[in-house]
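*Asks:* Give the three-dimensional model of this entry:
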Amino acid sequence: MSIKENVKRLLFNNPGLISNNIVKALILAYYKRLWSERSGNVVLTDIAVENTNVCNARCEMCAYKDMKRNKKIMPLQDYARIIDIAAAENIKRLYLGQLGEPFTDKGIFDKMDYAIAKGMELVSITTNASLLDEAASRRLLGYPWKAISFSVDGATRGTYEEIRKGLEFETVENNIVSFLKVRKELGRTDLRVRMQMAVYGKNKHEVDEYRVKWKERLVSGLDEIALLYATNYAGLTGIEYSGDSAGRQVKVPCGRLWNHMITVAVNGDIPICCWDYDVDNNVGNVFREGSLKGLWNGQRMREVRKIHVDGGYGMIPLCANCNDNFFVKPHFVIEKT
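*Replies:* Prediction:
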C-alpha cells in the first residue's frame, strides 16, 4: 500500500485526528499542484468502450431504469473507428462495458478480435453473468483478458432477485461456477476474477455470507471480492451513499476528472463523468472530433477540472449533488481471497 493510501486510511479510521477543514485544504493543495504540474491535462492510457447500453436486468440501485438515451448495440464499424483512433493515439488498455450488459451484444467476440488485431491490451470486462453459459465462457477464456468482474448483489435467491429484477439467481450462480471450472481446466491462472456486490440497505445483512460463499470458490491469492457502496449517480438518482462515512462528508475535487481512462458511450459521446448515465454532460463526440486525447484534454474538460480545483462544484449541475467526491471511506472495499 502506498504512503498516500496509508495516510487516507489513517484519516478515515480516526475522524477526530485532523479537522475536516484541514483535510479539505490538504486535498485541494494536492489537486492545485496537479493542475500546475500538468497544466490541467491528463496522460491517457486506458479506454472504456460502451459496446452496448442494452441490459437484460432492471436492478433496483442502478440508473439504467432511469436512462432516456436510445438503447442500441454499437455497430462493429463504429467500434472499429474508436479502436483505430485509440491505437493511433497510443491508448492501448481496453475495458469493455459501461451501463449495459456487454453480452447482450451478439457481436462482442468480433469486437474483441478487432481490438487484439490492433494491439490493444484486454484489461477488464464486467458482466452480470446471466448470458455467460459454458460455451460463452469457453470462448471468452480464449481471449487474453486480465480480469473479469461478476456483478452479483446477494448471497441468497430472495435478496438477489428482489434487487436484480429480470435475472435468475440459480442461472447466474451456475454460470459463474461453470466459468471458474473451465478457467481451472484451461489453466488460466493469469485471469483474475472479481466478485462484486453493490452494498445497500436491502443486502447489507448478507455481506458476511457472500464473503464465505465466494471465498470457498475463488482462487486464493489471485481472485477478489469487492464490496461497492451505492452512490447517487452524480446526483441524478435518489440513491444515498451506503458506506460508513466516519464523519468525513467533505466535498473535494473529484479524482475521476484526472482519470487516465476515457469513457466512450455507445454513440461516440464522451461524458465528463462515467456516472452521467444519459451523457447529458459531454465534451464532444469522438466520431465528429476524430480524437480521444483532444477531447479529454480539450477546453471543456480543462474548464471542469479548474472549477473543481477552485472548489466551485456547485457551478456544474452534474457535480453539485454528487456524493462520489465526498472525502469518506472508499466507495469500494477490495478483499483478496
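*Asks:* got the residue ranges for the strands in the chain?
*Replies:* 46-49, 58-59, 93-96, 121-127, 147-151, 164-165, 192-199, 224-229, 261-264, 269-271, 282-285, 332-336 (DSSP state E).
*Asks:* Quick one: the ones you listed as a markdown table, columns for mean pLDDT, mean neighbour count and distance to residue 84 too.
*Replies:* C-beta here means a position set from N, CA and C on the backbone, and glycine is covered the same way. Formatted as a markdown table, the strands of the chain follow (pLDDT from 0 to 100; neighbours: other Cβ atoms under 10 Å; distance: least, Cβ to Cβ, whole Å):
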| stretch | mean pLDDT | mean neighbour count | distance to residue 84 |
| --- | --- | --- | --- |
| strand 46-49 | 95 | 23 | 12 |
| strand 58-59 | 90 | 16 | 33 |
| strand 93-96 | 95 | 22 | 13 |
| strand 121-127 | 95 | 19 | 16 |
| strand 147-151 | 96 | 21 | 24 |
| strand 164-165 | 94 | 18 | 36 |
| strand 192-199 | 93 | 22 | 28 |
| strand 224-229 | 85 | 20 | 32 |
| strand 261-264 | 93 | 24 | 13 |
| strand 269-271 | 94 | 22 | 16 |
| strand 282-285 | 94 | 18 | 15 |
| strand 332-336 | 62 | 13 | 33 |
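*Asks:* could those strands go into JSON lines alongside distance to residue 71?
*Replies:* What follows is the strands of the chain, written out as JSON lines (distance: least, Cβ to Cβ, whole Å):
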{"stretch": "strand 46-49", "distance to residue 71": "16"}
{"stretch": "strand 58-59", "distance to residue 71": "13"}
{"stretch": "strand 93-96", "distance to residue 71": "17"}
{"stretch": "strand 121-127", "distance to residue 71": "17"}
{"stretch": "strand 147-151", "distance to residue 71": "19"}
{"stretch": "strand 164-165", "distance to residue 71": "17"}
{"stretch": "strand 192-199", "distance to residue 71": "21"}
{"stretch": "strand 224-229", "distance to residue 71": "24"}
{"stretch": "strand 261-264", "distance to residue 71": "16"}
{"stretch": "strand 269-271", "distance to residue 71": "15"}
{"stretch": "strand 282-285", "distance to residue 71": "18"}
{"stretch": "strand 332-336", "distance to residue 71": "27"}
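*Asks:* Would you mind listing the buried residues in stretch 294-314?
*Replies:* For stretch 294-314, a neighbour-count test (16 or more other Cβ atoms under 10 Å) marks 295, 296, 297, 298, 301, 302, 304, 305, 307, 308, 309, 313 as buried.
*Asks:* That should have said stretch 59-70, apologies.
*Replies:* 59, 60, 61, 62, 63, 64, 67.
*Asks:* What separation do you get for the residue lying closest to residue 109 once chain neighbours are set aside and residue 145?
*Replies:* Nearest residue to residue 109 in three dimensions, chain neighbours excluded: residue 139, at 6.1 Å (Cβ to Cβ, 6 or more residues apart in numbering). Note on residue 139: its distance to residue 145, by Cβ to Cβ, to the nearest Å, is 12 Å.
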